[in-house]
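Undergrad: Make a model of this:
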Amino acid sequence: MLFGLFCAGRLAAQGVQDPKIVSFEVGPDQVLNYPSTLANLPDEHTTFIPLFHRDSDEHESDDAPRPLRYLVFGASRVGTSNAGAVVLTTTDLHNFDFATSLGYANQVFSSPVDFTTCNPAFDTEFDENYSAPGTVLQDPTRPRGNFIMLYEAENHCPGGVRQSPFYATVGFARSRDGGRTWPSPIDTEFGGPGRRVVVKGPDPEPASEPMPAPMGDAIPAGFLERNRWGESHLYVSYSYYVGPGGHNDGLIRVARAKLGDEDSDRWDSERDRNHPVRFKKWFNTAFSEPGIGGLDTGVLPALGCPGRQAQSSIYFNDDLRLYFMVYVCDSMVNNGLAAWFYSTATSLELEDWSAPQMILNSQFAITSCSGGGEQFDGFYPSLMTPGAEQGHLRLTGQVFFLNGCDTGQPRAFTSRTFTINVEP
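TA: This is a model prediction of the structure:
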């Protein structure tokens, strides 16, 4: 697996100029076919992992063509199960089936308690009520099949009292068999080996009082980069919910961790001894604050629209040699508007993002749902280019997203094509 290499400086020294983006646009909605038992697909970002025949156990001779198929990790319930990770497969990016032929259960990861209930045995657990993937990735520093999951972890039961607002953290889990099995829930505030908190807000979860508004670090999506020195860094973009009484600036946050450095004996605190993959949050001008409890600041220079940024994800465009951040910009007014926006950067180390621009044809009304939450034709946009490596884009590709209510029905797994137009 290859990752975004910092090569723009070398090419610039050779006199090669980067093309200028003229527009970034998407096409009309495309209806997808997928199992009807997936009650709320997608409920977070969706991961597409390209597989060749050697990956999918369909062995052929070395000279035979190797058509591509995709392993898809999504966030959903299956029927009445608890929220978690479901595994699908597709060859045409239009028809999706459960990946049972590849040895996967329909659902491979979940929270210990249903979204609407509390259980005294798990009320202190960081992911008691919701554990659903934002991104699943191969760890490049470990043997093939060692997968990492960054996931949305929610507790709706402070002090054992069920409520709608949540306390969110970014969860981290490992699988050694290609994502077929994952660690079970661990009933502690920070988790334990294989399944734990890695990014947590500076404000602790209320011990007993109900929260009138969401709190914490939420809606994560990950990106893997190998830099010029061969080091592998895992980046996660996320939203910060300040909770009641605070001012939310509405800006996307980013944290990162160096992989393959778990044996280091340098730790930020005694607590971090149980969390060998150590994330650092971006704060002002550097990745300087601890992932657990540290302060953070937004990475983009502007909102893009009056309101807030949410549901972000990071990619590397192989044609343009630029990093892209794509997110939903919500006007935050009743019956207002929302749209997809993008920003570009030359360095994730420096977080030198450009002024955000709207993705054309992505703006639609955002309205209230009858059962709570909001309805929008474009939640959780997840981009991919057929034939490109995971997390990498070309000038064309597809966006997969939720069309519907973010916390209820109706909802549908949908896609659009995207095109990035550049100067000749």
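Undergrad: show me the contacts for Thr396.
TA: 385, 417-420 (C-beta atoms under 8 Å, 6 or more residues apart in numbering). Heads up, the C-betas are built off the backbone N, CA and C, glycines and all.
Undergrad: 6 Å instead?
TA: With contact taken as C-beta atoms under 6 Å, 6 or more residues apart in numbering, Thr396 is in contact with Thr419.
Undergrad: if I look at it, how far off is Leu383?
TA: According to C-beta to C-beta, to the nearest Å, Thr396 stands 11 Å off from Leu383.
Undergrad: Pro212 too?
TA: 35 Å.
Undergrad: Gly79 now?
TA: 29 Å.
Undergrad: Tell me who's in contact with the residue minimising distance to the centre of the chain.
TA: Residue closest to the average C-alpha location in the chain (C-alpha atoms, centre = their mean): Ala221, at 1.9 Å. Residues near Ala221 by C-beta under 6 Å, 6+ apart: 45, 134-135, 237, 313.
Undergrad: And the residues you listed, which is closest to Leu51?
TA: For those, the residue nearest Leu51 by C-beta to C-beta is Thr135; the value is 16.8 Å.
Undergrad: Confirm that the closest one sits in a strand.
TA: Yes - under DSSP: H, G, I helix; E, B strand; the rest coil, Thr135 sits within a strand.
Undergrad: beta partners of it?
TA: Leu150 (DSSP bridges).
Undergrad: For it, which residues are in contact?
TA: 47, 150, 221-222.
Undergrad: So which of these belong to strands?
TA: Among the contacts of Thr135, the ones falling in strands (DSSP state E) are 47, 150, 221-222.
Undergrad: Please name the bridge partners of the nearest residue to Gly391 once chain neighbours are set aside.
TA: In space, Gly391 comes closest to Phe223 once its chain neighbours are excluded; the distance is 5.3 Å by C-beta to C-beta, 6 or more residues apart in numbering. With DSSP bridges as the criterion, Phe223 is bridged to Tyr235.
Undergrad: Tell me how many other residues crowd Phe223.
TA: 27 (other C-beta atoms under 10 Å).
Undergrad: Now rank the contacts of Ala221 by neighbours and give me the top one.
TA: The contacts of Ala221, ranked by neighbours (other C-beta under 10 Å): first place His45, 31 neighbours.
Undergrad: Is that one located within a helix, as I assumed?
TA: No - His45: not assigned to a helix; according to three-state DSSP it is coil.
Undergrad: export the ones in strands among the contacts of Thr135 to JSON lines and tack on pLDDT and distance to Ser368?
TA: Shown next, in JSON lines, are those (pLDDT from 0 to 100; distance: C-beta to C-beta, whole Å):
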{"residue": "Thr47", "pLDDT": "98", "distance to Ser368": "30"}
{"residue": "Leu150", "pLDDT": "98", "distance to Ser368": "30"}
{"residue": "Ala221", "pLDDT": "98", "distance to Ser368": "26"}
{"residue": "Gly222", "pLDDT": "98", "distance to Ser368": "31"}
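Undergrad: who are the neighbours in contact with Gln309?
TA: Contacts for Gln309 (C-beta under 6 Å, 6+ apart) come out as 250-252, 327, 329.
Undergrad: and the nearest residue to Leu68 once chain neighbours are set aside, how many neighbours does it have?
TA: Once flanking residues are discounted, Leu68 sits nearest to Pro50: 5.6 Å by C-beta to C-beta, 6+ apart. Pro50 has 18 neighbours, counted by other C-beta under 10 Å.
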